[in-house]
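**Student:** Okay, sequence plus prediction incoming.
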Amino acid sequence: MKLIKKFIPYYKPYIGVFLFDLVCASILSVIDLAFPQFLRILRSSLFLEEPKVILSRLGLLAIALILMYIVRSLCKYYVTYQGHMMGAKMESGMRHDLFERFEAFSFSYYDTHNTGEMMSKLVSDLFDISELAHHGPENIFISVVKIVGSFILLMRINVPMTLCLVAVVICMAIFSVSQNRKMRATFSDNRKKIAGINSSLQDTLGGIRVVKSFTGEEIEEKKFDESNIAFLDSKQANYRQMAKFHSGNNLFEGLMFVTVLVAGGFFIAKGQLTGEDLAIYALYINIFINPVNVLVEFTEQLQKGLAGFERFREVMDTMPEIVDKENAGELKNVKGVIDYKNVSFSYEEDEAVLKDINLHVEAGKSVAIVGPSGGGKTTLCSLLPRFYDVTEGSVLIDGTDIRDVTQKSLRSYIGIVQQEVYLFNGTVKENIAYGKQNATMEEIVEAARNADLLDFIESLPNGFDTEVGERGARLSGGQKQRIAIARVFLKNPPILILDEATSALDNESERYIQESLDKLSVGRTTITIAHRLSTILGADEIIVLDEDGIKERGTHKELIKKGGLYEKYYRMQLGKV
C-alpha cells in the first residue's frame, strides 16, 4: 500500500488526460453493458410487433447502434493512444528522475553498485512501471463498472442464481489473493536475476580486449551461463506460480458456467426463470467473466510493475552522500590556493586511508605526490573536487571550505587528467568540446593546438568530425591522452590535477605528452600524482605519502640529499638498487 501511495503523485502532471481516459473507459463499459439489455428490451417490445412495424423501425435501430459503436471506437482510440502515451510520458519522467539521481551519487555509490544493474533499473523495470501506470487504473475502473453493472442487471433477472454466482466469485477472489504474494516474490527475483545478466554482459563486453588477450572466452561464457541459468531458474519458479494462478482461476471460471447452467436448469424447472431470460443471463455472464479475467491478468501486471517500482524507489529513496548545503554559495574568482587541514578519510569506518594530512599549496605552484600503491594519493586528490567528503578536517580553496560552495561551481575551477582516459562514442570535436559545451570551433581548434593534437586531427579522414569509437577504441593511448589534455585546455581551470597521466604510455609518447602537460600546467595550481619520478623533477614541492600519512616533503634536490624514502624510490627507478 505504501508503494501505491508513492506511485500516485506521478499522475499529477497528466490528471486531465487521466480523468478523460477514465471517462472514455466508462463509456466503453456502459456500451458493452447496454447491448444485452438493449436486446432484452427489443425482445419484449419491438420484436413482438407486426413485421411491417419491425421493418419500418430497423433503419433507425441500425443508425442508433452504428452511432453507439462509432462513439465506442473513438473512446477506444483515445484510451489506447492517449492512455499509452500517458504511461510512456510517466516512464520518461521516471527515467529522467532516476538518471538524475544516479548522477547525484558520489563515487562511493559506484564503488558498491554495478553498472549493469543500474541499466536494468533504467530500462526493463521502468517499462513494466509504465504499463502499470496506464493499464492499472483503467483496467480496475472498467472491470469494476462492468462487474457492478452486470451484477445489478443479473440480479434483476434472477436473484438466487446471481447469489450462487457471487459465492463462486468470492472463492475465486480468496484464491487470487492467496497466490498474489507468491507471484510478487517471483517477479522481484526475476528483476534481480535479469540485472545479474546485464551486469555480466556489461562486464564482459566492456573488457572484451582483456578477455581475448588472455583467451578468457570460456571463463566469461561460464560466468554468463551461471547468471543466465539463475535467471532461467527464476523464470521457472515464476511460470510455475503463474500456472497455478491462471489454472486455478480458469477452474473457477468454469465453475461459474457450471453454476449458471445447473442453477438455471433448476430455476427453469421450478418455473422461476424462462429460457429466453437464461439466454440473456448467459450473455451477461460473458460480460461479467471478462472483467474478472482482466483483473486476474492485471494481478500479474501489478506484481511486475510493483516489483519494478520497488527497485525504482530503492534508488530514489537513497540520498546522495555528498549534497550542497542549503545556503551553499558560488565559488568565484579562484586564484588557486589549496589547503588540507587535519584531513582524515576512510571508505569504511575502521579503515583509515588518510590520517591527519596538512598541506598548503600556493596559487600557481606545483605539488607532486608520490608513494606506494594504496597509500592514498588518488584519494587525497579526489577530496579536492568533493568526489568524496573528508571524514575529519577540511579542504579549502582560497580560504573557503569547499563544503560551503556548490559542487558545480567548485568543479568548474578544477581540471583533471587521469591515467585512464574516457572518451565518449562520438567525434573528436565532441570529445574535446566536453570541456566547454558552448565552445566555438575556433576555441576547440586552439585547444587542440595547445595539446599538440592539431597535426594528428588534420591527418584523419574527417578531421575533427572523425568518430573515435566506443571509449576511443580507434585511437592509441597517446592520442586519447592528448584529447583529454585538449579538454582541459578548453576548460581553462586555475587548478589542475594530473593523476598518473603518463604512466600507461611508452617512453616516446610520454615525452610528447609530458611536454603538453608542462604547457598545460603553466600559471595553474597543479597537483600531480606521479608514478615515474622523472616527470616531477621540477615540482615546487614533492610529498611522499604512505598509509601512515606524509613521510617526507621538499624539492627533488632536498629529498635526494635527505637520503630517505624518496631517494630510495628514485634510485630504484634508475636501476641503482
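**Tutor:** It's in. Numbers count the residues shown, from 1 in each chain.
**Student:** switch to C-alpha atoms for all contacts and neighbour counts from now on
**Tutor:** Will do.
**Student:** and stretch 20-35, how far out from the chain's middle?
**Tutor:** 36 Å (Cα atoms, centre = their mean, to the nearest Å).
**Student:** same question but for stretch 11-25, I mixed them up
**Tutor:** On Cα atoms, centre = their mean, the centre of stretch 11-25 falls 26 Å from that of its chain.
**Student:** Only the buried residues of it, if you could.
**Tutor:** 11, 17-18, 20-25 (16 or more other Cα atoms under 10 Å).
**Student:** Touching it from outside, list them.
**Tutor:** 75-76, 78-79, 82-83, 86, 90, 138, 141-142 (Cα atoms under 8 Å, 6 or more residues apart in numbering).
**Student:** residue contacts, residue 140?
**Tutor:** Counting by Cα under 8 Å, 6+ apart, residue 140 has contacts residue 295.
**Student:** average pLDDT for the helix or strand harbouring it?
**Tutor:** In this assignment (DSSP states H and E), residue 140 forms part of helix 126-157. What helix 126-157 shows for mean pLDDT is 78.
**Student:** helix or strand right after that helix?
**Tutor:** helix 159-206.
**Student:** In the stretch 251-400 of the chain, where is pLDDT below threshold?
**Tutor:** Where the stretch 251-400 of the chain drops to pLDDT under 70, the residues are 296, 300.
**Student:** would you list every one of the helices in it?
**Tutor:** Assigned by DSSP state H, counting those that start in this stretch, the helices in the stretch 251-400 of the chain fall at 275-316, 377-383.
**Student:** Run through the neighbouring helices and strands of the last one.
**Tutor:** Contacts defined by 3 or more Cα pairs under 8 Å, 6 or more residues apart in numbering; DSSP states H and E place helix 377-383 against strand 525-529.
**Student:** Distance check, the closest residue to residue 347 other than its chain neighbours against residue 548.
**Tutor:** In space, and not counting its chain neighbours, residue 347 is closest to residue 353: 7.4 Å by Cα to Cα, 6 or more residues apart in numbering. Separation of residue 353 from residue 548 (Cα to Cα, to the nearest Å) stands at 8 Å.
**Student:** Need the residues touching each of those two.
**Tutor:** By Cα under 8 Å, 6+ apart, the residues touching both residue 353 and residue 548 are residue 375.
**Student:** neighbour-wise, which of these two wins?
**Tutor:** Using other Cα atoms under 10 Å, the more surrounded residue of residue 353 and residue 548 is residue 353, with 20 against 14.
**Student:** so that one sits right up against residue 373, yeah?
**Tutor:** No: Residue 353 lies out of contact with residue 373 (Cα atoms under 8 Å); the separation is 11.6 Å.
**Student:** Can you tell me the centre-most residue of the chain?
**Tutor:** Relative to the mean C-alpha position of the chain, the nearest C-alpha, by Cα atoms, centre = their mean, is the one of residue 122, at 2.7 Å.
**Student:** List the contacts of that one.
**Tutor:** Applying Cα under 8 Å, 6+ apart, the residues contacting residue 122 are 95, 98-99.
**Student:** Swap in 6 Å and give it another go.
**Tutor:** Applying Cα atoms under 6 Å, 6 or more residues apart in numbering to residue 122 gives the contacts residue 95.
**Student:** Could you verify that it is part of a helix?
**Tutor:** Yes: with DSSP: H, G, I helix; E, B strand; the rest coil as the criterion, residue 122 is located in a helix.
**Student:** got a pLDDT number for it?
**Tutor:** 77.
**Student:** Which member of the buried residues of stretch 11-25 is positioned nearest residue 338?
**Tutor:** Taking Cα to Cα as the measure, residue 11 is the one of those closest to residue 338, at 48.3 Å.
**Student:** Relative to residue 19, how far out is that closest one?
**Tutor:** In terms of Cα to Cα, residue 11 sits 10 Å off from residue 19.
**Student:** Kindly report the same for residue 527.
**Tutor:** 59 Å.
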